[in-house]
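> take a look and give me a structure for this.
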Amino acid sequence: MAIGIYDSGVGGLSIWRELQVRLKTRLIYFGDTAHVPYGEKGADELEGYFWNIMNFFRSRGCVGAVVACNTTSTLVLPRVKDKVEYPVLGIVEGAVEATLAAGNGSVGILATKATVESGVYQRALSEARPDWQVYAQSAPRLVPLVEGGQVEGKKAEEAVREYLEPLLAKGIDTLLLGCTHYPFLREQLERAAGSGVRIVDPAPYIAQRAEAIWPQFSQGGEYLGSEFWVSAKPEAFRQTAQKLLGTEIKHVHFHEDVEEGK
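Numbering: from 1, shown residues only. Modelled structure (predicted):
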(Lines give C-alpha, C1' and ligand atoms only; values in the text may rest on other atoms or scores of the structure.)
Protein backbone atom coordinates (compact mmCIF):
# COMPACT_ATOMS: atom_id res chain seq x y z
CA MET A 1 0.00 0.00 0.00
CA ALA A 2 1.11 3.55 -0.69
CA ILE A 3 -0.02 7.18 -0.70
CA GLY A 4 0.29 9.22 -3.89
CA ILE A 5 1.34 12.88 -3.95
CA TYR A 6 1.19 15.04 -7.05
CA ASP A 7 1.79 18.52 -8.36
CA SER A 8 2.60 20.11 -11.71
CA GLY A 9 6.31 19.81 -10.93
CA VAL A 10 8.67 20.18 -7.99
CA GLY A 11 6.40 22.40 -5.88
CA GLY A 12 4.61 19.52 -4.18
CA LEU A 13 7.93 18.42 -2.72
CA SER A 14 7.32 21.03 -0.02
CA ILE A 15 4.40 18.81 1.04
CA TRP A 16 6.29 15.56 0.43
CA ARG A 17 9.10 16.50 2.83
CA GLU A 18 6.52 16.83 5.63
CA LEU A 19 4.65 13.66 4.74
CA GLN A 20 7.74 11.49 4.53
CA VAL A 21 8.40 12.29 8.19
CA ARG A 22 4.85 11.61 9.35
CA LEU A 23 3.43 8.78 7.23
CA LYS A 24 4.84 5.30 7.80
CA THR A 25 4.28 3.83 4.37
CA ARG A 26 5.53 4.08 0.80
CA LEU A 27 5.06 7.44 -0.94
CA ILE A 28 4.63 7.82 -4.70
CA TYR A 29 5.42 11.36 -5.88
CA PHE A 30 4.29 12.41 -9.35
CA GLY A 31 5.39 15.65 -10.99
CA ASP A 32 3.30 16.41 -14.08
CA THR A 33 6.22 18.19 -15.70
CA ALA A 34 4.81 17.79 -19.21
CA HIS A 35 2.08 20.27 -18.28
CA VAL A 36 3.77 22.66 -15.83
CA PRO A 37 2.69 25.31 -14.89
CA TYR A 38 -0.89 24.54 -13.90
CA GLY A 39 -1.68 28.10 -12.82
CA GLU A 40 -2.68 29.29 -16.30
CA LYS A 41 -4.82 26.25 -17.20
CA GLY A 42 -8.58 25.76 -16.97
CA ALA A 43 -10.60 23.40 -14.81
CA ASP A 44 -11.52 20.95 -17.60
CA GLU A 45 -7.91 20.47 -18.67
CA LEU A 46 -6.73 20.07 -15.08
CA GLU A 47 -9.47 17.54 -14.37
CA GLY A 48 -8.22 15.43 -17.27
CA TYR A 49 -4.73 15.40 -15.76
CA PHE A 50 -6.24 14.56 -12.37
CA TRP A 51 -7.96 11.39 -13.58
CA ASN A 52 -4.90 10.24 -15.51
CA ILE A 53 -2.76 10.61 -12.41
CA MET A 54 -5.33 8.93 -10.14
CA ASN A 55 -5.30 5.95 -12.51
CA PHE A 56 -1.52 5.89 -12.35
CA PHE A 57 -1.55 5.98 -8.54
CA ARG A 58 -4.00 3.10 -8.50
CA SER A 59 -1.64 1.09 -10.71
CA ARG A 60 1.13 1.68 -8.14
CA GLY A 61 -0.96 0.36 -5.26
CA CYS A 62 -2.02 3.69 -3.75
CA VAL A 63 -4.92 3.71 -1.30
CA GLY A 64 -5.14 7.50 -1.14
CA ALA A 65 -3.67 10.66 -2.64
CA VAL A 66 -2.59 14.15 -1.70
CA VAL A 67 -3.13 16.82 -4.34
CA ALA A 68 -0.13 18.99 -3.46
CA CYS A 69 -1.25 21.79 -5.75
CA ASN A 70 -3.41 24.78 -4.81
CA THR A 71 -4.70 25.31 -8.36
CA THR A 72 -5.95 21.73 -8.72
CA SER A 73 -7.28 21.69 -5.15
CA THR A 74 -9.22 24.84 -5.95
CA LEU A 75 -10.54 24.11 -9.44
CA VAL A 76 -10.77 20.32 -9.63
CA LEU A 77 -11.38 18.73 -6.24
CA PRO A 78 -14.83 20.31 -5.73
CA ARG A 79 -15.87 18.72 -9.04
CA VAL A 80 -14.54 15.22 -8.38
CA LYS A 81 -14.54 14.67 -4.61
CA ASP A 82 -17.58 12.36 -4.73
CA LYS A 83 -16.26 10.35 -7.67
CA VAL A 84 -12.87 9.16 -6.40
CA GLU A 85 -12.78 5.67 -4.98
CA TYR A 86 -10.23 6.43 -2.26
CA PRO A 87 -9.56 9.43 0.02
CA VAL A 88 -8.00 12.47 -1.66
CA LEU A 89 -6.61 15.32 0.40
CA GLY A 90 -6.30 18.82 -1.03
CA ILE A 91 -4.55 21.95 0.14
CA VAL A 92 -7.23 24.55 0.76
CA GLU A 93 -8.65 23.56 4.15
CA GLY A 94 -5.22 23.14 5.73
CA ALA A 95 -3.99 26.41 4.27
CA VAL A 96 -6.99 28.28 5.64
CA GLU A 97 -6.54 26.67 9.06
CA ALA A 98 -2.86 27.63 9.11
CA THR A 99 -3.63 31.22 8.11
CA LEU A 100 -6.35 31.63 10.73
CA ALA A 101 -3.91 30.41 13.38
CA ALA A 102 -1.22 32.89 12.32
CA GLY A 103 -3.20 35.91 11.13
CA ASN A 104 -3.71 39.15 12.98
CA GLY A 105 -6.19 41.12 10.92
CA SER A 106 -4.59 41.80 7.53
CA VAL A 107 -3.72 38.84 5.29
CA GLY A 108 -2.02 38.77 1.92
CA ILE A 109 -2.39 35.75 -0.37
CA LEU A 110 0.32 34.99 -2.90
CA ALA A 111 -0.87 32.40 -5.43
CA THR A 112 -1.21 31.44 -9.07
CA LYS A 113 -3.51 33.35 -11.39
CA ALA A 114 -6.12 30.56 -11.35
CA THR A 115 -6.15 30.29 -7.57
CA VAL A 116 -6.45 34.05 -7.11
CA GLU A 117 -9.25 34.32 -9.67
CA SER A 118 -11.16 31.47 -8.06
CA GLY A 119 -11.48 33.57 -4.90
CA VAL A 120 -11.45 30.44 -2.74
CA TYR A 121 -9.04 31.77 -0.12
CA GLN A 122 -10.54 35.24 -0.08
CA ARG A 123 -14.01 33.81 0.57
CA ALA A 124 -12.92 31.25 3.16
CA LEU A 125 -10.89 33.73 5.20
CA SER A 126 -13.51 36.47 4.98
CA GLU A 127 -16.25 34.06 6.07
CA ALA A 128 -14.19 32.84 9.01
CA ARG A 129 -13.04 36.32 10.04
CA PRO A 130 -15.28 39.05 8.60
CA ASP A 131 -13.30 41.63 10.55
CA TRP A 132 -10.06 40.84 8.69
CA GLN A 133 -8.75 42.52 5.56
CA VAL A 134 -7.82 39.99 2.87
CA TYR A 135 -5.82 40.78 -0.28
CA ALA A 136 -4.68 38.49 -3.09
CA GLN A 137 -1.84 38.78 -5.58
CA SER A 138 -1.07 36.44 -8.49
CA ALA A 139 2.60 35.67 -9.10
CA PRO A 140 3.02 33.98 -12.50
CA ARG A 141 6.81 34.28 -12.63
CA LEU A 142 7.49 32.35 -9.43
CA VAL A 143 6.61 28.79 -10.48
CA PRO A 144 8.93 28.83 -13.54
CA LEU A 145 11.74 30.16 -11.33
CA VAL A 146 11.34 27.33 -8.83
CA GLU A 147 11.01 24.74 -11.60
CA GLY A 148 14.33 26.01 -12.94
CA GLY A 149 15.94 25.86 -9.52
CA GLN A 150 16.40 29.65 -9.55
CA VAL A 151 15.44 30.32 -5.95
CA GLU A 152 18.39 32.60 -5.29
CA GLY A 153 19.89 35.55 -7.13
CA LYS A 154 18.68 38.69 -8.84
CA LYS A 155 15.82 37.19 -10.90
CA ALA A 156 14.21 35.58 -7.88
CA GLU A 157 14.69 38.68 -5.75
CA GLU A 158 13.16 40.98 -8.35
CA ALA A 159 10.18 38.71 -8.96
CA VAL A 160 9.44 38.31 -5.26
CA ARG A 161 9.63 42.05 -4.67
CA GLU A 162 7.38 42.75 -7.67
CA TYR A 163 4.60 40.59 -6.26
CA LEU A 164 5.03 41.42 -2.60
CA GLU A 165 5.13 45.21 -2.90
CA PRO A 166 1.38 45.62 -3.63
CA LEU A 167 0.55 43.44 -0.61
CA LEU A 168 3.02 45.19 1.68
CA ALA A 169 1.56 48.53 0.61
CA LYS A 170 -1.76 47.31 2.05
CA GLY A 171 -0.12 46.82 5.43
CA ILE A 172 -0.45 43.02 5.65
CA ASP A 173 0.73 41.29 8.82
CA THR A 174 0.45 37.73 7.44
CA LEU A 175 1.35 36.20 4.06
CA LEU A 176 -0.20 32.92 2.93
CA LEU A 177 1.91 31.01 0.43
CA GLY A 178 -0.94 29.85 -1.77
CA CYS A 179 1.19 27.69 -4.07
CA THR A 180 3.32 24.75 -2.98
CA HIS A 181 6.25 26.03 -5.06
CA TYR A 182 6.59 29.21 -3.02
CA PRO A 183 8.08 27.75 0.19
CA PHE A 184 11.25 27.12 -1.81
CA LEU A 185 11.53 30.91 -2.13
CA ARG A 186 11.06 31.46 1.60
CA GLU A 187 14.41 33.16 2.19
CA GLN A 188 13.70 35.67 -0.55
CA LEU A 189 10.17 36.20 0.74
CA GLU A 190 11.33 36.75 4.31
CA ARG A 191 13.90 39.32 3.24
CA ALA A 192 11.39 41.19 1.09
CA ALA A 193 8.54 41.05 3.62
CA GLY A 194 10.54 41.99 6.68
CA SER A 195 10.24 40.78 10.26
CA GLY A 196 6.79 42.29 10.74
CA VAL A 197 5.04 39.83 8.40
CA ARG A 198 4.31 36.22 9.36
CA ILE A 199 4.78 33.83 6.44
CA VAL A 200 2.43 30.84 6.37
CA ASP A 201 3.57 27.62 4.74
CA PRO A 202 0.57 25.25 5.01
CA ALA A 203 2.65 22.06 4.60
CA PRO A 204 2.74 21.08 8.31
CA TYR A 205 -1.04 21.50 8.55
CA ILE A 206 -1.53 19.37 5.43
CA ALA A 207 0.63 16.66 6.98
CA GLN A 208 -1.44 16.72 10.18
CA ARG A 209 -4.59 16.30 8.11
CA ALA A 210 -2.99 13.38 6.28
CA GLU A 211 -2.28 11.67 9.59
CA ALA A 212 -5.93 12.03 10.54
CA ILE A 213 -7.18 10.64 7.21
CA TRP A 214 -4.75 7.69 7.18
CA PRO A 215 -4.19 6.83 10.85
CA GLN A 216 -3.00 3.35 9.89
CA PHE A 217 0.12 5.01 8.46
CA SER A 218 0.75 7.41 11.33
CA GLN A 219 0.84 4.99 14.24
CA GLY A 220 3.68 2.51 14.29
CA GLY A 221 5.18 0.93 11.22
CA GLU A 222 8.05 2.46 9.28
CA TYR A 223 8.62 4.80 6.38
CA LEU A 224 9.06 2.56 3.34
CA GLY A 225 10.72 5.08 1.06
CA SER A 226 9.55 7.11 -1.92
CA GLU A 227 9.28 6.71 -5.65
CA PHE A 228 9.54 9.77 -7.86
CA TRP A 229 7.80 9.87 -11.24
CA VAL A 230 7.34 12.56 -13.89
CA SER A 231 5.61 12.99 -17.24
CA ALA A 232 8.62 14.72 -18.86
CA LYS A 233 12.33 15.50 -18.29
CA PRO A 234 13.13 13.16 -15.38
CA GLU A 235 16.78 14.17 -15.11
CA ALA A 236 15.97 17.88 -14.97
CA PHE A 237 13.42 17.15 -12.24
CA ARG A 238 15.95 15.08 -10.29
CA GLN A 239 18.59 17.77 -10.37
CA THR A 240 16.20 20.56 -9.37
CA ALA A 241 14.62 18.46 -6.63
CA GLN A 242 18.01 17.65 -5.16
CA LYS A 243 18.94 21.33 -5.12
CA LEU A 244 15.69 22.39 -3.48
CA LEU A 245 15.61 19.60 -0.90
CA GLY A 246 19.31 19.40 -0.19
CA THR A 247 19.18 15.62 -0.37
CA GLU A 248 20.08 12.94 -2.92
CA ILE A 249 17.42 11.50 -5.20
CA LYS A 250 18.91 8.50 -6.91
CA HIS A 251 16.33 7.95 -9.63
CA VAL A 252 13.28 9.60 -11.18
CA HIS A 253 10.99 7.43 -13.30
CA PHE A 254 9.29 8.52 -16.50
CA HIS A 255 5.62 7.70 -17.02
CA GLU A 256 4.69 8.23 -20.65
CA ASP A 257 0.95 7.61 -20.38
CA VAL A 258 0.31 10.78 -18.41
CA GLU A 259 2.37 12.85 -20.83
CA GLU A 260 0.32 11.56 -23.72
CA GLY A 261 -2.95 11.99 -21.83
CA LYS A 262 -3.96 8.35 -22.28
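> only C-alpha atoms for contact and neighbour calcs from this point on.
Fine.
> part of a helix, is Arg161?
Yes - judged by DSSP: H, G, I helix; E, B strand; the rest coil, Arg161 forms part of a helix.
> any idea how far Ile249 is from Leu13?
According to CA to CA, to the nearest Å, Ile249 and Leu13 sit 12 Å apart.
> with neighbour numbers in mind, choose between the two.
More crowded of Ile249 and Leu13, by other CA atoms under 10 Å: Leu13, with 25 against 16.
> quick one, phi/psi of that one?
Backbone dihedrals for Leu13, given as degrees, to the nearest 10, come out at phi -70, psi -20.
> coming back round to it: what touches both of Ile249 and Leu13?
Ala241 (CA atoms under 8 Å, 6 or more residues apart in numbering).
> break this structure into its domains for me.
2-90+204-260, 92-202 (automatic domain parsing).
> following element in sequence after the helix or strand hosting Val66, please.
Here Val66, judged by DSSP states H and E, is contained in strand 62-67. Counting by DSSP H and E, the next helix or strand C-terminal to strand 62-67 is helix 70-75.
> which elements pack onto that next one?
helix 43-59, helix 92-102, helix 113-118 (3 or more CA pairs under 8 Å, 6 or more residues apart in numbering; DSSP states H and E).
> the helix or strand that it is followed by: how far from the chain's middle?
Downstream of helix 70-75, the next assigned helix or strand under DSSP H and E is helix 77-80. Offset of helix 77-80 from its chain centre (CA atoms, centre = their mean, to the nearest Å): 17 Å.
> partner strands of the helix or strand that helix 77-80 is followed by, parallel or antiparallel?
Next in sequence after helix 77-80, counting helices and strands by DSSP H and E, comes strand 88-89. Paired neighbours of strand 88-89 in the sheet (DSSP bridges): strand 62-67 (parallel).
> chain neighbours aside, what residue packs nearest to Lys81?
Distances taken as CA to CA, 6 or more residues apart in numbering put Val88 closest to Lys81, at 7.5 Å, once the chain neighbours are dropped.
> partners of that neighbour in the sheet?
Val88 forms beta bridges with Ala65, as assigned by DSSP bridges.
> for it, what are its contacts?
Contacts of Val88 (CA under 8 Å, 6+ apart): 64-67, 81.
> now the helices and strands packed on helix 70-75 as a markdown table including mean neighbour count, distance to Phe254 and mean pLDDT?
What follows is these, written out as a markdown table (neighbours: other CA atoms under 10 Å; distance: least, CA to CA, whole Å; pLDDT from 0 to 100):
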| stretch | mean neighbour count | distance to Phe254 | mean pLDDT |
| --- | --- | --- | --- |
| helix 43-59 | 17 | 12 | 97 |
| helix 92-102 | 19 | 29 | 97 |
| helix 113-118 | 19 | 27 | 96 |
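> closest one to Gln216 among the ones you listed?
helix 43-59 (18.4 Å; CA to CA).
> how far off centre is the closest one?
16 Å.
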